[in-house]
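[1] need a structure here:
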Amino acid sequence: MTPTAIPAFLPLRGVRILSLALNLPGPAALMRLRRMGADCLKLEPPGGDPMGSYNQAAYDQLHEGIAVRKADLKTAEGQEVLHHELAQTDVLLTSFRPSAFKKLGIAWETLHARYPTLSQVAIVGSPGGRAEEPGHDLTYLAEKGLVPGLELPATLYADMGGSLMATEAVLQACLLRHSADGAVNAAHGMFIEVALSVAAGYLALPRQWGLTQPEGWIGGAHAGYRVYACKDGRVAMAALEPHFAAALCTAAGMASCDIRTLLTPASRQHIADFLLTQTRRELDALAVAKDIPLHTMR
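    All right, here's what the predicted structure looks like:
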């Protein structure tokens, strides 16, 4: 029998999103909302989104399938465009400081009174009274203990984590509009603040719990869960569970493989010495043959 094609699940089909958010977190959230079926429009200032000037490829991917218009919200013409769109919008996505909303005459209280069914998801740097403080991904990560050395983090964790929280907030706002029987509750727009520093704090929880601290099992203490050098590169070894660890110990020729042994410097050194004798190709083959979770890198 030919399998029946499953239609794409688009939970936000028919939901209209208006975004005023620039740079990365807002556009990243908008990209995900569009992929969930939302009808997305973004209003950019006359100079455009800074992302377009420093990484056009990123900008293009973030805005694929999204309508983009220019509007100077500091002018009467721009305000007219904004309010024309707000009258047709379910969720407004923003990334301004609170003071900017007041200057533009679009503080939440004003919007809610004029558009009672509208919800707003406001991406800010820090929550509540700290929302006016300047900051960026790096400062939020540093505040939460996620910048342990002098190297920059490998990616923009707070921005991307914040974009996921903003997407979640849009879904919450949409759920609020429907009662348990599916009827639309048109009188309830809501305001949800998404702070990038809070997103960084959420990502930092494993470190706060001690899991990824140097003495933690997945912070380097466990010999089966570390990054090692190999003969022609590196290997990310993730043999944490007992059966995976046992397979690694056997391959490395270790006589003992209980958890006490795996937490000793001698075990880490033994495995490090073994891996230095192996090429990436040999380790890739070992992973398949012995069912060991690892990934080799240049």
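[2] looking at it, residue 291 is touching residue 241, isn't it?
    No: Residue 291 is not in contact with residue 241 according to Cβ atoms under 8 Å; the separation is 10.8 Å. Yep, even glycine has a C-beta here, placed from its N, CA and C like the rest.
[3] Could you report the separation of residue 102 from residue 111?
    12 Å (Cβ to Cβ, to the nearest Å).
[4] so what's residue 126 closest to, chain neighbours aside?
    Nearest residue to residue 126 in three dimensions, chain neighbours excluded: residue 197, at 4.6 Å (Cβ to Cβ, 6 or more residues apart in numbering).
[5] which residues sit in contact with that neighbour?
    If you count contacts by Cβ atoms under 8 Å, 6 or more residues apart in numbering, residue 197 has them with 125, 126, 127, 130, 135, 140, 143, 144, 158.
[6] Now for it, which secondary structure element holds it?
    Here residue 197, judged by DSSP states H and E, is contained in helix 196-203.
[7] Looking at residue 102 and residue 111, which one has more neighbours?
    In this comparison of residue 102 against residue 111, neighbours counted by other Cβ atoms under 10 Å, the higher total goes to residue 111 at 21 against 13.
[8] so that one sits in a strand?
    No: when classified by DSSP: H, G, I helix; E, B strand; the rest coil, residue 111 is found to be helix rather than part of a strand.
[9] Distance check, it against residue 70.
    Where residue 70 is concerned, residue 111 sits at a distance of 21 Å (Cβ to Cβ).
[10] now residue 167
    For residue 167, the distance to residue 70 under the criterion Cβ to Cβ works out to 25 Å.
[11] The two: which is more packed in?
    In terms of neighbours (other Cβ under 10 Å), residue 167 is the more surrounded of residue 167 and residue 70; the figures are 23 against 12.
[12] Quick one: mean pLDDT over the longest helix seen in the chain.
    Ranked by residue count, the top helix of the chain under DSSP state H comes out as helix 157-176. Per-region confidence: helix 157-176 scores 96 on mean pLDDT.
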